[in-house]
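Peer 1: no sequence on this one, just coordinates:
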Ligand SMILES: Nc1ncnc2c1ncn2[C@@H]1O[C@H](COP(=O)(O)OP(=O)(O)OP(=O)(O)O)[C@@H](O)[C@H]1O
Ligand SMILES: [Zn+2]
Ligand SMILES: [Zn+2]
């Protein structure tokens, strides 16, 4: 018997090592690298992924257990993806199984099911038969019963099942099953026409409904879903069933594809002739694809410069060579409009993966890729794991977006994964943005270190596209100082300039996009007498007021309470509710511009499936004057009648305790400004702020990416922040502070020892060999308590490539046992994007 090395799905650090199993003879040939298997583990049956098939095991073979089952005929992961998972777990310090699971569609995350059957020598007493006649009958009839199903349908039988298991009359067997399988539909397969005619004659006259069904099948002689047949013949499925019972027709289970875009037609689109500027940008990318060379490009194109058209034509090149392409777009930019552009060009070859699909739909799209029926995958972050085998091109649109970093384990960054997969496949990687992240930009113009994996950093080729298509001008941007407005007696939400501009658009029948930078915006309850604000009793976070349900909610833990009638602190009745920011703006719009038609898009109005899409269609069809929303309205929209963009509270996020706050603000403002005047009509942008002189706002007025980024990069270099230095944070959480503090201190002390041993100076300044390590903390996290657990963090800031992640892994191993014993949770973030 051969041996398989398996990563078992136990996502804890202490079980985070592969285990060897024997491959039983009947599974030999089915077990491959990347196979999903069921294996016995600590008395249970768990799912695992085969990592390798070693010659032999270091463990005595007699102590190895056999693999219980292989779960798929074709391994869901290729050897390349298995290797990628190993790399991810080292790069971002997560358990290997967590990295591997992240690559599988949710539908394949197996669940252990228990089955019971009668033991071969079970002797049932008359009392047993008397107490549980139905259970015994079901056992005899079906042989095995699924425990979860049995307990759900007949909770009253739990006691008997338990007793019989204990007495050995029942046996239990475990099996790993998929949460979801392919979807099948009962389909009627009609017999021959002659048989149909004979059946019609045989049916008694009163069976009119049944005759209708047969007549329909005779007229439309092809397989049809039972449900559809019932509808077409104007009857019910019960009638069809009685025909099957008589043996006149046959029912079969047929696999169907859940296609979220079924029934939608996409106007085919042909490649546009490229403008000279586009051609210049296209040439090096096309060349790399042609030569099947791994190259990373930064396509830095202003908004509306025609980047998407370049993506489409690059993909076409890759496809013509028989290769495949992945396109990543930020989740919220994954609008129907975006999907349509890819479907229109590549039709059924496109698979779409995003979180608004049901897990069944996602699974089917994933299988399309796996089985080679789709050659282009368009999707959000996790589409980077699309199981292609001949990748020619990976595109990341809006590469600066924070959504490319996953905030829970595995805390990977899709950009780094893309570079890694590109290297393995010899594929071109195109990172596109109007406002590249400072990491990518700094690397591309070679004033900062390269990007990608540690120790295999790459320098992207810089490809600028500085003009909009057809020489359309970038919109004119005006910055309005709201302090000045106040001084002149305007206390309204809209400055005079914005109000005038809006009025003009209404008169001309043009459209406006209004962005409310919601982060940090008033959405809370405040007492005007004593200044009390309502906060969550479990988290150190202000509660948000929801006008619709009239309650206060915590966005972190879901806690909610009814709106108070008086201040809970001083009993004053002068308690004020601030609606969610966008609701307030909507009200102000309605009262300032009577009759205005507003579409509000925020978390509250877009939770329902398909609502996002509906709002945008409505806006595109000009059934509204204003599209008002949060970050959601800033990206990817391309509407010809939008000639005005207004930004309220541009500076709201500037004071967040995050060194990237300025960068994020600049990016958001530039992106939303880019929604205006993208077609024939010229655009205008009005930005309202209390900090007009702040670089990240002032540079937007001049469309000055270069000026802003160079200033910001200088600043980062002086402070040792990314891209010049790297960060790693450890977050510790527990119900009690002293324990956290002491464990945090131990971590910090051990890290300082290692830093000193590596030659880092105690003051954190770079030494002669360029190595600098600063260990900060432990300090309370910016969100100091969440779900009744206190949170502390340590941050390591380092330069010159010391192996800080490696040290962290070692120290965590030492702390693991103590943490487990006391219930302290430890979370590591390598290269964190969010500092909260
Ligand atoms: N070569 C071309 N000839 C004519 N029109 C073009 C050409 N390339 C792009 N366009 C059109 O110009 C507009 C802007 O292009 P596109 O949306 O591709 O830009 P983008 O850079 O991806 O925009 P953003 O990043 O702002 O979303 C679109 O309406 C597109 O159809
Ligand atoms: Zn009060
Ligand atoms: Zn809470």
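Peer 2: Received, thanks. Quantities reported herein were computed from a predicted structural model and do not represent experimental measurements. Ligands and ions are numbered 1, 2, ... in the order given.
Peer 1: need the helices for the stretch 301-450 of the chain, in chain order.
Peer 2: Applying DSSP state H, counting those that start in this stretch to the stretch 301-450 of the chain gives helices spanning 307-320, 336-346, 359-370, 414-425, 438-444.
Peer 1: for the first one, which outside residues touch it?
Peer 2: In this structure, residues lying in contact with helix 307-320 by C-beta atoms under 8 Å, 6 or more residues apart in numbering are 271-272, 274, 278, 281-282, 285-286, 289-290, 299, 301, 324-325, 327, 341-342, 345-346, 349, 375-376, 392-393, 395, 397, 427-428, 430, 432, 465. The C-beta positions use only the backbone N, C-alpha and C, and glycine is treated the same way.
Peer 1: so which of the residues you listed belong to strands?
Peer 2: Using DSSP state E, the members of the contacts of helix 307-320 that fall within strands are 299, 301, 324-325, 327, 376, 392-393, 395, 397, 428, 430, 432, 465.
Peer 1: ok, the residues you listed vs ligand 1, which is closest?
Peer 2: Relative to ligand 1, the closest of these is residue 301; by C-beta to the nearest ligand atom it sits at 4.9 Å.
Peer 1: my read: that closest one touches residue 462, true?
Peer 2: No - in this structure residue 301 lies outside contact range of residue 462 using C-beta atoms under 8 Å: 11.6 Å.
Peer 1: comparing the two, which residue is more hemmed in?
Peer 2: Neighbour tally, residue 301 and residue 462, criterion other C-beta atoms under 10 Å: the higher count belongs to residue 301, 25 against 17.
Peer 1: what sits closest to the more buried one if chain neighbours are left out?
Peer 2: Of all residues beyond its chain neighbours, the one nearest residue 301 is residue 465 (3.2 Å), with distances taken as C-beta to C-beta, 6 or more residues apart in numbering.
Peer 1: ok, now residue 78?
Peer 2: Of all residues beyond its chain neighbours, the one nearest residue 78 is residue 34 (5.6 Å), with distances taken as C-beta to C-beta, 6+ apart.
Peer 1: show me what contacts the one you found?
Peer 2: With contact set as C-beta under 8 Å, 6+ apart, residue 34 has these partners: 49, 50, 75, 76, 77, 78, 79, 81, 82.
Peer 1: now the buried members of these.
Peer 2: A residue is treated as buried here by neighbour count (16 or more other C-beta atoms under 10 Å); on that basis the buried members of the contacts of residue 34 are 49, 50, 75, 76, 77, 78, 81, 82.
Peer 1: where does the stretch 1-150 of the chain have low pLDDT?
Peer 2: For the stretch 1-150 of the chain, the stretches flagged by pLDDT under 70 are 13, 110-112.
Peer 1: can you give me the strands in it?
Peer 2: 2-8, 19-23, 36-41, 44-52, 69-70, 111-118, 144-146 (DSSP state E, counting those that start in this stretch).
Peer 1: angle of the longest one against strand 36-41?
Peer 2: Looking back up the chat, that one is strand 44-52. Between the axes of strand 44-52 and strand 36-41, defined by axes from the mean of the first three to the mean of the last three C-alpha atoms, to 10 degrees, the angle is 130 degrees.
Peer 1: can you give the strand pairings for strand 44-52, parallel or anti for each?
Peer 2: Looking at strand 44-52 with DSSP bridges, its partner strands are strand 2-8 (antiparallel), strand 36-41 (antiparallel).
Peer 1: adding mean neighbour count, write those strands out as a markdown table.
Peer 2: As requested, these are arranged in a markdown table below (neighbours: other C-beta atoms under 10 Å):
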| stretch | mean neighbour count |
| --- | --- |
| strand 2-8 | 22 |
| strand 36-41 | 21 |
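Peer 1: which single residue in the stretch 651-800 of the chain comes nearest to ligand 3?
Peer 2: Proximity to ligand 3, evaluated over the stretch 651-800 of the chain using C-beta to the ion, is greatest for residue 787 at 6.4 Å.
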